[in-house]
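> Quick one: sequence plus predicted model below, questions after.
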Amino acid sequence: MTKSQHLQRRDLDAFSAAVVVNIAFSFIPASFAVAIVKEREVKAKHQQLISGVSILSYWASTYIWDFISFLFPSSFAIILFYIFGLDQFIGRGSFWPTILMFLEYGLSIASSTYCLTFFFSEHAMAQNVVLLVHFFTGLILMVISFIMGLIQTTASANSFLKNFFRLSPGFCFADGLASLALLRQGMKEGSGDRVLDWNVTGASICYMGAEGIFYFLLTLGLELLPPHKLTPVTLIECWKRIKKLFRRTSSSYLEPLLESSSENVALDFDEDIDVRTERNRVLSGSTDNAIIYLRNLRKVYPGGKHLGTKIAVHSLTFSVQEGECFGFLGTNGAGKTTTLSMLSGEEYPSDGTAFIFGKDISSNPKATRRHIGYCPQFDALLEFLTVQEHLELYARIKGVPEYRLEDVVMEKLVEFDLLKHANKPSFSLSGGNKRKLSVAIAMIGDPPIVILDEPSTGMDPIAKRFMWEVISRLSTRQGKTAVILTTHSMNEAQALCTRIGIMVEGQLRCIGSPQHLKTRFGNHLELEVKPTEVSPGDLENLCQIIQERLFDVHSHPRSLLSDLEVCIGGTDSIASENPSVAEISLSEEMIVIIGRWLGNEERIRTLVSSTGVSDGVFGEQLSEQLVRDGGIPLPIFSEWWLAKEKFSIIDSFVLSSFPGATFQGSNGLSIKYQLPYGEDLSLADVFGHLERNRYLLGMAEYSISQSTLETIFNHFAANS
Ligand SMILES: Nc1ncnc2c1ncn2[C@@H]1O[C@H](COP(=O)(O)OP(=O)(O)OP(=O)(O)O)[C@@H](O)[C@H]1O
């Protein structure tokens, strides 16, 4: 074998060794990546592993574990490398540079894979794909570089291109090993004897070291900041934030408001006068004690391929003061959660901004978040952590000092009546108790701003009352905390909120105190009347009249007589003596005829109609009985008839006395009306008129109330 053949053989052997190692490194970590993902899933399920430690240390342990997992195959390969004598190509003197490269390779691969996965998708598969792309890139570049290095005309281009190829950790690693092998065999040109020369291992060590640190820091940043995928929209948002950062140098409490008069945006919808007044007030900076200001806050979501963009929140402007409980109401999809997510820093505004204690949520999200306790719409609890551990964990995250921890946790357990559930894992709690825990977490550390997104969902009425107590104590009694509350319960809003804003399709449609909204938008009164009960004398009289008419056989059609026979048990009894009233059961045909005798066939129709005309509970029961038994006892029919008579008298009285009054329904015991309310008809007029005629009309009781919040909400929802 000539020297040149020997060199080529050695050259090829060195290259094969590097390729084999590279492939080994490609696939072993790839399979480990799967194991790591699985291990993370397991950890996610058994969250008690992190009991008592902060999120940060959980993150650190996960990261270190991943890193060790990546290093494991490195160590494994090193051992193999020496056992099978592959080291003869490298030489024992190169042990430490080799070890260093292995370590750096582990770090740079782990960090860059982690980091790229964060950017594009956190799906487990994405992590594997990134990992494999990494390894194959290294391998392919290695082959290209090797071939280019062999061909004389491309050798210098190869040296230049290597500077870029080295951005791939796989290439760096394989190139470093191959260069070491070539050096030891004396086949490396122009590099002297030193293993740490740039062209031997120096470049690989520097590149991999720099990449490892760079990606590590980037990953750290991504872990600590809220995760955001790299999409055109997020890029635009990032750009806007950067611009704002440079524009806004001051963060004093009032300055942002005073500078803002030019921010009146052109609205493409008619704004309610109260909403406009609030907008002008906020934009002019004349708000006292307000600690939250929203200024033209807007959120646009990308709509995907086939849908247009979605404007979830349109130019929202209002303020919330200290000690205020602001009720943020709205239809489903009105944009409430989106607004709250922007305030709590979960989402970036597409335009406009908000200030919390004078700090801009866009340019200073960390500083603003410190003031906020947020209870999201869906419980963000860790399944296997107990109630107490949750409180401890969040108290630590919120910076409660260790010596106060026990007291703070106990205080919340008692305040939210969770003491008896303290040691239960959160997955075993009922929905209502989960909500309690979420609200308790939001209130840890007594933040000056508490944002509660539908806090009482799923709670029983007692728990709900209890929760209302806690919230009202927080805002009204302590007087220092501002609460923003979204709810679909009008009772809750009425009970808790000092001011309410109703959102429809991303726009604020009205704003003001509950009383102000009722006075402004409740342009009618609700009247409920309960008639007196039917008197036994009247009932007896009617039964008698009907009975007499029924037994006046000459006036009956043949078919009715046969009906009567069936109802009271035979012809003899009809002819000879009158049966007792209670014995008489009226068939449908008889009822229709009786209605005609009594002069109101229309009323009978509500009873016998198969179309199910609503006539209150009593009427519905009689209809059912008629269908089921084929008849109704005479006394019961008579009672129903007299009750209807009373209803009818009251109905004609109300409709004729209050022009514009509308019938709203009856439950069989009382009737409801809506009366127009305004200059023509005052509350005093209505009371006076009803009181004067009360006994004449047979009203047992009546009530008049202003429109409820629910009617006002329905009015806005219906006009959306
Ligand atoms: N990530 C998103 N991407 C696209 N559209 C979204 C996204 N999140 C919310 N939306 C849309 O924005 C609008 C406002 O949603 P949001 O969840 O803020 O409403 P909401 O008032 O809280 O409703 P609900 O009372 O049902 O909780 C909805 O039309 C919703 O479909």
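Yep, it's here. Residues are numbered from 1 along each chain as shown.
> give me every residue that touches the nearest residue to Phe328 once chain neighbours are set aside.
Among residues not flanking Phe328 along the chain, Thr486 sits closest, at 4.5 Å (C-beta to C-beta, 6 or more residues apart in numbering). Bear in mind the C-beta positions are built from the backbone N, C-alpha and C, glycine included. By C-beta atoms under 8 Å, 6 or more residues apart in numbering, the contact list for Thr486 reads Gly327, Phe328, Leu329, Gly330, Lys336, Thr337, Leu340, Gln377, Leu452, Asp453, Glu454.
> so which of these also contact the ligand?
Gly330, Lys336, Thr337, Gln377 (C-beta under 6 Å from any ligand atom).
> residue ranges with poor pLDDT in the stretch 451-600 of the chain?
475-479, 552-583 (pLDDT under 70).
> ok, now with 50
For the stretch 451-600 of the chain, the stretches flagged by pLDDT under 50 are 570-576.
> hey, where'd the helices end up in it?
Using DSSP state H, counting those that start in this stretch, the helices found in the stretch 451-600 of the chain span residues 461-472, 490-496, 514-521, 536-550, 558-568, 571-576, 588-597.
> Identify each buried residue in the last one, please.
In other words, helix 588-597. Neighbour counts using 16 or more other C-beta atoms under 10 Å place Glu588, Met590, Ile591, Ile593, Ile594, Gly595 of helix 588-597 among the buried residues.
> can you list those residues in a markdown table and add distance to the ligand?
Conversion of the buried residues of helix 588-597 to a markdown table gives the following (distance: C-beta to the nearest ligand atom, whole Å):
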| residue | distance to the ligand |
| --- | --- |
| Glu588 | 48 |
| Met590 | 53 |
| Ile591 | 48 |
| Ile593 | 55 |
| Ile594 | 52 |
| Gly595 | 49 |
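> for the residues you listed, which one is nearest Glu528?
Gly595 (27.9 Å; C-beta to C-beta).
> how much space between that closest one and Leu607?
Distance, Gly595 to Leu607, by C-beta to C-beta, to the nearest Å: 8 Å.
> Repeat that for Tyr215.
For Tyr215, the distance to Leu607 equals 80 Å [C-beta to C-beta].
> Same check on Glu601?
Counting by C-beta to C-beta, the gap from Glu601 to Leu607 is 11 Å.
> what's the burial count for Ala380?
Using other C-beta atoms under 10 Å, Ala380 has 10 neighbouring residues.
> Could you find the closest non-adjacent residue to it?
Leaving out its chain neighbours, the residue that sits closest to Ala380 by C-beta to C-beta, 6+ apart is Ser438, at 7.1 Å.
> what about that neighbour, neighbour count?
Ser438 has 24 neighbouring residues, counting by other C-beta under 10 Å.
> Can you classify it by secondary structure?
Three-state assignment for Ser438 (DSSP: H, G, I helix; E, B strand; the rest coil): helix.
> still on that earlier bit, and the residue nearest to Phe328, how far is that from Tyr114?
Counting by C-beta to C-beta, the gap from Thr486 to Tyr114 is 36 Å.
> do the same with Phe378
27 Å.
> Which one of these two is surrounded by more residues?
Legend: neighbour count by other C-beta under 10 Å for Phe378 and Tyr114, higher for Tyr114 (24 against 11).
> about what we covered before: more crowded one of Glu601 and Leu607?
A count of neighbours by other C-beta under 10 Å puts Leu607 above the other of Glu601 and Leu607, at 22 against 13.
> Would you quantify the distance from Arg182 to Gln152?
Arg isn't right for residue 182; it's Leu. The gap separating Leu182 from Gln152 is 17 Å, by C-beta to C-beta.
> What of Phe466?
85 Å.
> Same question for Leu586.
When distance is defined by C-beta to C-beta, Leu586 is 116 Å away from Gln152.
> quick one, which of those two is more surrounded?
Leu586 (24 against 7).
> Surely the more buried one and Leu634 touch.
Yes: look at Leu586 against Leu634 with C-beta atoms under 8 Å: they come within range, at 6.0 Å.
> Is the one residue in the stretch 601-720 of the chain that gets nearest to the ligand part of a helix or strand, or is it coil?
Going by C-beta to the nearest ligand atom, the ligand is nearest to Ala717 of the stretch 601-720 of the chain, at 11.4 Å. Look at Ala717: counting by three-state DSSP, its state is helix.
> out of everything not next to it in sequence, what's closest to it?
Nearest to Ala717 is Thr331, by C-beta to C-beta, 6+ apart, at 4.9 Å.
> pretty sure Gly373 belongs to a strand, no?
Yes: counting by three-state DSSP, Gly373 falls inside a strand.
> quick one, phi psi at Val313?
Backbone torsions for Val313, taken as degrees, to the nearest 10, come to phi -140, psi 120.
> pLDDT value on it, please?
pLDDT, Val313: 91.
> Tell me who's in contact with it.
Residues in contact with Val313, defined by C-beta under 8 Å, 6+ apart, are Leu297, Arg298, Lys299, Gly335, Thr338, Thr339, Met342, Gly506.
> Can you tell me which of the residues you listed is nearest the ligand?
The ligand lies nearest to Thr338 out of the contacts of Val313, by C-beta to the nearest ligand atom, at 3.4 Å.
> any idea which helix or strand carries that closest one?
Thr338 is part of helix 336-343, with elements assigned from DSSP states H and E.
> same for that helix, what does it pack against?
When contacts are defined as 3 or more C-beta pairs under 8 Å, 6 or more residues apart in numbering; DSSP states H and E, helix 336-343 packs onto strand 290-301, strand 310-321, strand 325-330, strand 351-356, strand 449-453, strand 482-486.
> what's the closest of those strands to His134?
Comparing the helices and strands packed on helix 336-343 under C-beta to C-beta, the one sitting nearest is strand 290-301, at 32.8 Å.
> Report the strands that pair with that closest one, each with its relative direction.
Sheet partners assigned to strand 290-301 using DSSP bridges are listed as strand 310-321 (antiparallel), strand 351-356 (antiparallel).
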